[in-house]
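*Asks:* One predicted model, sequence on top.
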Amino acid sequence: MLIGYARVSTLDQNPQFQIEELRRAGCEKIFVEKRSGAKENRPQLQEALDYMREGDTLVVWKLSRLARSLTQVMTTVKRLEERGINLRALTQKIDTTTPEGRLFFHINAAFDQFQREIIVENTRAGLKSAREHGRIGGRPKIMTEDRLKQIRAMIKDTAAYPFVSDVIRAAKIGRRTFYRYFSAEEVRRMRNAFLNQKEISLTSL
C-alpha cells in the first residue's frame with residue numbers, strides 16, 4: 001500500500017500541489033502536516049507511520065518534506081527499515097524497494113548534506129573576507145566615525161547642550177548606545193576641559 005506524506009512549513013502555505021503529486025503516484029491515503037521540518041515532533045508523520053504495515057511504502061514529494069537534516073532523514077529511514085517499510089521520493093526518483101534505489105538514497109542524502117555544508121562554509125568565508133576588508137556583515141553600524149565626531153562636539157558645547165540628555169536627544173540615539181561609546185568619565189572630562197578652555201579665553205581678554 002502506498003501512503004503519502006505531505007508537509008508545508010507554515011499554516012499559510014498550501015500543500016495542494018504535493019497532495020496532487022502523491023495522488024498521481026497512486027497513494028491511497030495521504031497525511032498532511034503543517035509544521036517546520038526542523039521540529040522533531042510531527043504528529044501527522046507519526047500517525048502515518050503508526051498506520052503503515054510491513055511491505056507498505058511511504059511516499060513523499062521530495063526528501064526535504066520528510067526532514068530538514070541528514071541526521072533526521074537517516075533516523076526516519078532507519079525506523080522504516082526496521083519495520084519493513086519502504087520509501088519513495090518522487091522528485092529525486094528514490095525508491096528503496098530496490099537495491100539501486102537504496103544506494104541512490106544514501107548518495108542523494110549525503111549530497112544534500114554536502115550542499116548545505118558548502119553553503120554554510122561559503123557564508124562564513126564571505127563574512128571573514130568582509131571583516132578583513134573592513135566590511136561587517138549584517139546591519140550597518142549606527143555610529144560612524146563622522147557621527148562620533150559630531151557627538152563629541154555636542155558634548156563639549158555646554159551652552160547649546162547643558163545636559164547629557166540634551167546631547168542624546170539631539171543625536172537621536174538611545175542612552176545605552178550613547179554610553180557604549182562615551183563613558184561617564186570621558187563625558188565629564190570633555191565637558192570640564194571645554195569649560196576650562198572658555199574660562200582661560202575669558203581671562204585673557
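*Replies:* Now that the structure is in, tell me what you want to look at. Predicted, not measured: the structure shown is a model, and the values here were computed from it. Numbering: from 1, shown residues only.
*Asks:* which residues in this protein form strands?
*Replies:* 2-8, 29-34, 57-60, 86-89, 94-95 (DSSP state E).
*Asks:* rank those by pLDDT, which is bottom?
*Replies:* Note on the strands of the chain: strand 94-95 shows the lowest mean pLDDT, a mean of 83.
*Asks:* Tabulate the strands of the chain (a markdown table), appending distance to residue 192 and mean neighbour count.
*Replies:* Quick note: C-beta positions are derived from backbone N, CA and C, even for glycine. As requested, those are exported to a markdown table (distance: least, C-beta to C-beta, whole Å; neighbours: other C-beta atoms under 10 Å):
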| stretch | distance to residue 192 | mean neighbour count |
| --- | --- | --- |
| strand 2-8 | 63 | 22 |
| strand 29-34 | 63 | 18 |
| strand 57-60 | 71 | 23 |
| strand 86-89 | 72 | 22 |
| strand 94-95 | 74 | 19 |
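*Asks:* Can I get the ones you listed in JSON lines including distance to residue 41?
*Replies:* What follows is those, written out as JSON lines (distance: least, C-beta to C-beta, whole Å):
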{"stretch": "strand 2-8", "distance to residue 41": "13"}
{"stretch": "strand 29-34", "distance to residue 41": "11"}
{"stretch": "strand 57-60", "distance to residue 41": "18"}
{"stretch": "strand 86-89", "distance to residue 41": "20"}
{"stretch": "strand 94-95", "distance to residue 41": "25"}
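*Asks:* End to end on stretch 84-99, go ahead and measure it.
*Replies:* Separation of the first and last residues of stretch 84-99 by C-alpha to C-alpha, to the nearest Å is 14 Å.
*Asks:* for it, the distance to its chain's centre please.
*Replies:* 30 Å (C-alpha atoms, centre = their mean, to the nearest Å).
*Asks:* Could you list the low-pLDDT ranges of this protein?
*Replies:* 11-12, 36-40, 68-70, 100-118, 121, 125-126, 129-142, 194-205 (pLDDT under 70).
*Asks:* again, only using 50
*Replies:* 198-205 (pLDDT under 50).
*Asks:* which stretches of this protein form helices?
*Replies:* 16-24, 43-51, 63-66, 70-82, 99-132, 145-156, 164-171, 175-181, 184-203 (DSSP state H).
*Asks:* on that earlier part again, now for the strands of the chain, which one comes closest to residue 148?
*Replies:* Closest approach to residue 148 among the strands of the chain (C-beta to C-beta): strand 2-8, 47.7 Å.
*Asks:* Given that closest one, what are its sheet partners and their directions?
*Replies:* Strand pairing for strand 2-8, using DSSP bridges, gives strand 29-34 (parallel), strand 57-60 (parallel).
*Asks:* any idea how far it is from the chain center?
*Replies:* Counting by C-alpha atoms, centre = their mean, strand 2-8 comes out at 26 Å from the chain centroid.
*Asks:* repeat for stretch 23-30
*Replies:* The answer for stretch 23-30 is 34 Å, by C-alpha atoms, centre = their mean.
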